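build the 3D model from these lines:
(one chain, ligands or ions: 1)
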Amino acid sequence: MKVKEFDALIVGGGLSGLAAGLELSREWNVALLSKVNPVRSHSGAAQGGINAALGNHPDGREDTPERHAFDTVKGSDYLADQDVVMFMCKEAPKIVIEFESMGAPFSRFEDGKIAQRPFGGAGFPRTCYAADRTGHALLHTLYEQCIRQGVIFYDEFFLIDLITIENRVVGLIALDIASGNLEILRAPYVILATGGFGRIYRASTNALICTGDGVGASFRAGVPMQDCEFVQFHPTCLYGSDILMSEGARGEGGLLFNNKNERFMLKIAPEAKELAPRDIVARAITTEINEGRGFEDAFIHLDLTHLGAKRIKERLPGIRDIAIDFAGVDSIEKPIPVHAGHHYSMGGIGTKYEGDFCETSLNGLWAVGENACVSVHGANRLGGNSLLETSVFGRYIDENF
Ligand SMILES: Cc1cc2nc3c(=O)[nH]c(=O)nc-3n(C[C@H](O)[C@H](O)[C@H](O)COP(=O)(O)OP(=O)(O)OC[C@H]3O[C@@H](n4cnc5c(N)ncnc54)[C@H](O)[C@@H]3O)c2cc1C
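You can find the predicted model right below:
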């Protein structure tokens with residue numbers, strides 16, 4: 001078996017893997033393997049947006065990284081690691097401006113600034129977006145940059161296991177899916193960026209590829225997992241297929257109604273209403289259904305009709321298409337049937353070993369993105385903070401090797 005040698009190996013071609021690839025390939029010989037073509041990674045499904053305290057909203061209110069950090073820590077039920085949260089929130093404006101300068105097609109306000117919409121748990125319109133296809137836009141932007149910079153890609157290579165000697169990772173075994181051959185790739189550093197593991201749930205917004213392979217491989221190599229008990233349920237999954245109806249829909253003004261035509265969030269969260277944190281809205285929806293106030297005992301209504309055709313087509317075109325294709329409902333004319341479902345696992349590969357944000361207890365093994373638990377989300381992630389996490393910590397790897 002021919003062994004391929006590199007300075008570092010990255011497993012995963014989603015936003016976190018590509019961000020790490022772009023940084024490390026500036027000086028190192030880096031290979032990135034992914035079980036699907038990188039632009040098919042699950043990051044491409046992210047709809048709503050990425051958080052940064054740019055303070056662009058025309059209402060003129062000032063936003064700051066400190067406010068972003070406060071909302072993140074509060075949303076996490078005070079269980080996030082505050083030093084990591086502060087670091088992420090301070091980096092956020094820089095990250096978004098960098099994406100903009102790489103050509104990411106962000107939606108804009110009238111004055112030309114990057115548009116920002118309100119998301120749950122944030123006291124401010126802080127979520128930057130590219131219509132309701134933000135992940136797709138950012139993923140393609142980073143992929144282009146990685147190609148330009150000469151990252152070596154192994155597409156459709158499947159990580160089987162890590163190779164370790166004593167307490168050090170020295171490479172990995174991968175299956176080349178096209179040929180069926182097993183390959184050994186060696187490097188003194190391996191970065192796991194293999195995404196989430198939502199597919200352990202029956203009803204999940206996650207793609208079929210989100211099977212937690214990297215988490216499994218690192219666990220088998222002796223790395224402990226962290227925060228596994230913290231699982232996020234998204235309030236609005238499309239009834240029948242569990243496809244996500246982005247929080248951006250409520251950020252744009254979408255309302256939730258039960259079968260008595262009541263806006264039940266008015267009594268559950270009188271201030272934040274439909275934009276309360278996800279755990280609160282998901283619990284409220286499930287309670288309405290369980291107590292007989294749902295439709296067909298299975299869903300409640302997400303109503304966008306009052307937003308009007310122009311705004312829906314401009315700001316939520318993907319949501320409209322998905323509801324038409326998978327539920328036969330045109331959101332311009334009728335409310336969308338939704339219920340809560342698994343969306344995100346806050347836990348993952350335990351990092352922050354000996355103080356470094358992304359380093360694990362196995363020498364040479366790092367973890368970034370959704371498969372890692374750098375602990376910025378605590379018990380509950382705020383919408384828009386995950387795309388941010390992937391991009392911030394993917395890049396951070398380079399500064400700390
Ligand atoms: C429907 C949906 C919408 C979302 N919307 C938002 C949003 O608007 N804003 C936000 O902040 N967050 C959002 N999130 C969360 C966010 O999209 C993800 O947390 C983030 O994109 C994960 O990125 P990642 O790079 O860690 O992993 P992924 O993008 O999932 O990439 C994982 C990579 O690992 C590779 N891989 C996995 N296993 C193997 C293996 N065995 N061998 C080789 N390669 C492997 C895959 O091929 C893939 O390239 C959303 C999540 C969902 C489910």
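
got the phi/psi numbers for the residue of the stretch 301-401 of the chain found nearest the ligand?
Distances between the stretch 301-401 of the chain and the ligand by CB to the nearest ligand atom are smallest at residue 369, namely 2.5 Å. Glycine gets a C-beta too; all of them are placed from N, C-alpha and C. Dihedral pair for residue 369: phi 80, psi -160, per degrees, to the nearest 10.

excluding its backbone neighbours, what's nearest it?
Distances taken as CB to CB, 6 or more residues apart in numbering put residue 16 closest to residue 369, at 2.7 Å, once the chain neighbours are dropped.

ok, residue 82 next?
residue 73 (5.8 Å).

quick one: that neighbour from residue 312, how far?
34 Å (CB to CB, to the nearest Å).

returning to that earlier point: let me know the helix or strand that the residue nearest to residue 369 is in.
helix 15-24 (DSSP states H and E).

go on, residue 4?
strand 3-5.

and that strand, how far out from the chain's middle?
Relative to its chain's centre, strand 3-5 lies at 32 Å (CA atoms, centre = their mean, to the nearest Å).

and residue 3, what does it touch?
171, 184, 185, 186 (CB atoms under 8 Å, 6 or more residues apart in numbering).

kindly reformat these as JSON lines containing distance to residue 288.
JSON lines is the format used below for these (distance: CB to CB, whole Å):
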{"residue": "171", "distance to residue 288": "52"}
{"residue": "184", "distance to residue 288": "54"}
{"residue": "185", "distance to residue 288": "51"}
{"residue": "186", "distance to residue 288": "55"}
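
tally of neighbours for residue 93?
Per other CB atoms under 10 Å, the neighbour tally for residue 93 reads 18.

distance of residue 328 relative to residue 337?
Residue 328 is 10 Å from residue 337, by CB to CB.

meant to ask about residue 297, not that
12 Å.

who has more neighbours out of those two?
Shown here are residue 297 and residue 337; by other CB under 10 Å, residue 337 has more neighbours (22 against 10).

is it true that the more buried one touches residue 238?
Yes: if you go by CB atoms under 8 Å, residue 337 and residue 238 touch, sitting 7.2 Å apart.

overlap in contacts, those two.
Shared contacts of residue 337 and residue 238, counting by CB under 8 Å, 6+ apart, come down to residue 327.

can you show me the strands along the stretch 51-200 of the chain?
116-117, 127-128, 152-155, 157-165, 168-176, 182-186, 189-192 (DSSP state E, counting those that start in this stretch).

same list (the ones you listed) but as CSV, adding mean pLDDT and mean neighbour count.
Formatted as CSV, the strands of the stretch 51-200 of the chain follow (pLDDT from 0 to 100; neighbours: other CB atoms under 10 Å):
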stretch, mean pLDDT, mean neighbour count
strand 116-117, 92, 27
strand 127-128, 96, 29
strand 152-155, 98, 18
strand 157-165, 98, 18
strand 168-176, 97, 19
strand 182-186, 97, 16
strand 189-192, 98, 28
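
tell me which of those lies nearest to residue 356.
strand 189-192 (12.7 Å; CB to CB).

which strands border that closest one, and is each parallel or antiparallel?
For strand 189-192, the paired strands and their directions (DSSP bridges) are strand 8-11 (parallel), strand 365-367 (parallel).

the last one vs the ligand: in contact?
No: legend: contact between strand 365-367 and the ligand by CB under 6 Å from any ligand atom is lacking; minimum distance shown is 9.5 Å.

could you dump the strands of the stretch 51-200 of the chain to CSV with distance to the ligand?
Output for these, formatted as CSV (distance: least, CB to the nearest ligand atom, whole Å):
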stretch, distance to the ligand
strand 116-117, 10
strand 127-128, 8
strand 152-155, 9
strand 157-165, 4
strand 168-176, 7
strand 182-186, 11
strand 189-192, 9
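
out of those strands, which is closest to residue 379?
Of those, nearest to residue 379 by CB to CB is strand 127-128, at 20.7 Å.

so what does that closest one touch, helix or strand wise?
strand 50-51, strand 116-117 (3 or more CB pairs under 8 Å, 6 or more residues apart in numbering; DSSP states H and E).

with distance to residue 357 added, can I get the ones you listed in TSV?
Shown next, in TSV, are these (distance: least, CB to CB, whole Å):
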stretch	distance to residue 357
strand 50-51	18
strand 116-117	26
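
tell me how many other residues crowd the one residue in the stretch 101-250 of the chain that gets nearest to the ligand.
Nearest residue of the stretch 101-250 of the chain to the ligand, counting by CB to the nearest ligand atom: residue 195, 2.4 Å away. Here the number of neighbours of residue 195 (other CB under 10 Å) works out to 30.

flag every residue of the stretch 251-400 of the chain that's near the ligand.
343, 344, 369, 370, 371, 383, 384, 385, 386, 387, 390.

contacting residues for residue 168?
Per CB under 8 Å, 6+ apart, neighbours of residue 168: 188, 362, 363, 364.

then residue 28?
6, 7, 8.

for residue 161, name its beta-bridge partners.
With DSSP bridges as the rule, residue 161 is bridged to residue 173.

now swap in residue 114 and tell me
So, taking DSSP bridges as the rule, residue 114 has residue 108 as bridge partners.

enumerate the residues of the stretch 1-150 of the chain near the ligand.
Checking the stretch 1-150 of the chain against the ligand by CB under 6 Å from any ligand atom, the hits are 11-17, 33-36, 38, 41-43, 45-50, 134-135.

now stretch 217-229: average pLDDT?
For stretch 217-229, the mean pLDDT works out to 96.

what about it, how long is it end to end?
20 Å (CA to CA, to the nearest Å).

buried residues, that stretch. List them.
217, 218, 221, 223, 225, 226, 227 (16 or more other CB atoms under 10 Å).

where do the strands sit along the stretch 201-350 of the chain?
Counting by DSSP E, counting those that start in this stretch, the strands of the stretch 201-350 of the chain are 225-226, 231-238, 255-257, 300-303, 336-345, 348-350.
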